[in-house]
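K.L.:
Prediction below, plus the sequence it came from.
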Protein chains: 2
Amino acid sequence: MDRKNLGDTAPRLPIGVLSRRTGCNIETIRYYEKVGLLPAPARSDGGHRLYGHGHFMRLGFVRRARELGFTLDEIRALLQLAEDRDRPCAEAREVAVVHLEDVRTKIADLQAMEAVLAETVVRCADGQTPECPLLETLFGSFDPSAGK
Amino acid sequence: MDRKNLGDTAPRLPIGVLSRRTGCNIETIRYYEKVGLLPAPARSDGGHRLYGHGHFMRLGFVRRARELGFTLDEIRALLQLAEDRDRPCAEAREVAVVHLEDVRTKIADLQAMEAVLAETVVRCADGQTPECPLLETLFGSFDPSAGK
DNA sequence: ATAGGATCTGTAGTGGCTACAGATACAAGA
DNA sequence: TCTTGTATCTGTAGCCACTACAGATCCTAT
């Protein structure tokens, strides 16, 4: 877990290489540096960013965490735990549990939407309905409690 | 479907009443007016907005559509169809079908995340693992293809 | 008349990017 | 060495759908 030493002896590479290897947009990399998620890298004499192995590892972490839907603040916390703690697993797990519940809530919300939409689309398609079921639904025509 | 006549004879009510009856934040109502989703209402002599029945109907539509996840532009299009077309159902249905596919994609993405997260959380919890499975996953330790 | 709540306009911010524009650096080929 | 094309820089602004003030004015009940 010795991942905080970014100053290793591997060759340092420009941002375009980091971008292509990690699948992360150049502008996003600069954004992550701006918001403190990535440390500022060394620079060439001309001012170009030069990234070492540690940056590749760290950005890989960030991207995988983003793909799992963690917010940048959650990722920040996870990286901090990885750096500072001998046994970070309990705390890291807590971050993941909270996020997992959020993901499950979002799934449930979307599934509720999907159910209404799917039903409405079917009713729009059957061609037997004199008015448009979707628009009637949205205008609240089928809900007697609408209006107060 | 005669919903474009907002100048009816019912009493006109201030924004706070519209907000409470529709569950839509006052500032959101003003935002919707700014972006053209709601027409500008009549005003009192002192400049306060006064909303009639048509606005209540229209904002109800917008809120229900938002709850179903439609974007503001999709809602704009649906309202236009409702106003302009004798038979808007085919086009409205097309808007809903595109949106339904988007919702299903989001559900699938979230379910993929949920699967990875749930597995990782379980492995973090079992206490048999020497290192933290979540952090190892994010650092890419269990993926031999990581690095290029 | 007064006071408290409602409302106004304008501005800025949220999260996570993304897209320029104008200027400079870098590398390859002639 | 020079030229040219590509890569990179910084700064600014925008996207989407809101949300939150701040200072000023309006409105209504006492």
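P.N.:
Done, it's in.

K.L.:
is the longest helix anywhere in chain A up against DNA strand C anywhere?
P.N.:
Longest helix of chain A, by residue count under DSSP state H: helix A:89-125. No - on the criterion Cβ under 7 Å from any atom of the strand, helix A:89-125 is out of touch with DNA strand C, staying 10.5 Å away. For every residue, glycine as well, the C-beta is placed using N, CA and C.

K.L.:
Figure out how far that helix is from the centre of its chain.
P.N.:
Relative to its parent chain, helix A:89-125 has a centroid offset of 15 Å by Cα atoms, centre = their mean, to the nearest Å.

K.L.:
Between helix B:89-125 and that helix, find me the angle.
P.N.:
Our comparison of helix A:89-125 with helix B:89-125, counting by axes from the mean of the first three to the mean of the last three Cα atoms, to 10 degrees, yields an angle of 160 degrees.

K.L.:
Determine if any part of helix A:89-125 is in contact with DNA strand D.
P.N.:
No - judged by Cβ under 7 Å from any atom of the strand, helix A:89-125 makes no contact with DNA strand D; its nearest approach is 13.5 Å.

K.L.:
And that helix, what does it pack against?
P.N.:
helix A:72-84, helix A:133-139, helix B:89-125, helix B:133-139 (3 or more Cβ pairs under 8 Å, 6 or more residues apart in numbering or on different chains; DSSP states H and E).

K.L.:
One more pass at 10 Å, please.
P.N.:
The helices and strands touching helix A:89-125, judged by 3 or more Cβ pairs under 10 Å, 6 or more residues apart in numbering or on different chains; DSSP states H and E, are helix A:53-67, helix A:72-84, helix A:133-139, helix B:53-67, helix B:89-125, helix B:133-139.

K.L.:
buried sites along the longest one?
P.N.:
For helix B:89-125, burial by neighbour count (16 or more other Cβ atoms under 10 Å in any protein chain shown) applies to B:89, B:91-93, B:95-96, B:99-100, B:102-104, B:106-107, B:109-110, B:113-114, B:116-117, B:120-121, B:123-124.

K.L.:
And stretch A:11-30, by the same measure?
P.N.:
Of the residues in stretch A:11-30, those with enough neighbours to count as buried (16+ other Cβ under 10 Å) are A:12, A:13, A:15, A:18, A:19, A:22, A:24, A:29.

K.L.:
and residue A:102, how far is that from residue A:53?
P.N.:
Relative to residue A:53, residue A:102 is positioned 33 Å away (criterion: Cβ to Cβ, to the nearest Å).

K.L.:
Correction: the previous question concerned residue A:109.
P.N.:
Residue A:109 sits at a distance of 41 Å from residue A:53 (criterion: Cβ to Cβ).

K.L.:
Which element, helix or strand, includes residue A:37?
P.N.:
For residue A:37, there is no helix or strand it lies in under DSSP states H and E.

K.L.:
Regarding it, what are the backbone dihedral angles?
P.N.:
For residue A:37, the backbone dihedrals are phi -80, psi -30 (criterion: degrees, to the nearest 10).

K.L.:
One more: the one 5 residues further on?
P.N.:
Phi and psi for residue A:42, reported as degrees, to the nearest 10, are phi -60, psi 170.

K.L.:
Just the pLDDT at it, thanks.
P.N.:
Among the per-residue scores, residue A:42 shows a pLDDT of 95.

K.L.:
ok, it - how many residues close by?
P.N.:
Using other Cβ atoms under 10 Å in any protein chain shown, residue A:42 is surrounded by 13 other residues.

K.L.:
Let's verify the closest residue to it other than its chain neighbours: helix, strand, or coil?
P.N.:
Nearest residue to residue A:42 in three dimensions, chain neighbours excluded: residue A:50, at 4.7 Å (Cβ to Cβ, 6 or more residues apart in numbering or on different chains). State at residue A:50, reduced to three classes by DSSP: H, G, I helix; E, B strand; the rest coil: strand.

K.L.:
Could you count how many residues lie near residue A:50?
P.N.:
Taking other Cβ under 10 Å as the neighbour definition, residue A:50 ends up with a count of 16.

K.L.:
Now do the same contact list for it.
P.N.:
Residues near residue A:50 by Cβ atoms under 10 Å, 6 or more residues apart in numbering or on different chains: A:11, A:12, A:13, A:14, A:15, A:17, A:18, A:41, A:42, A:43, A:44.
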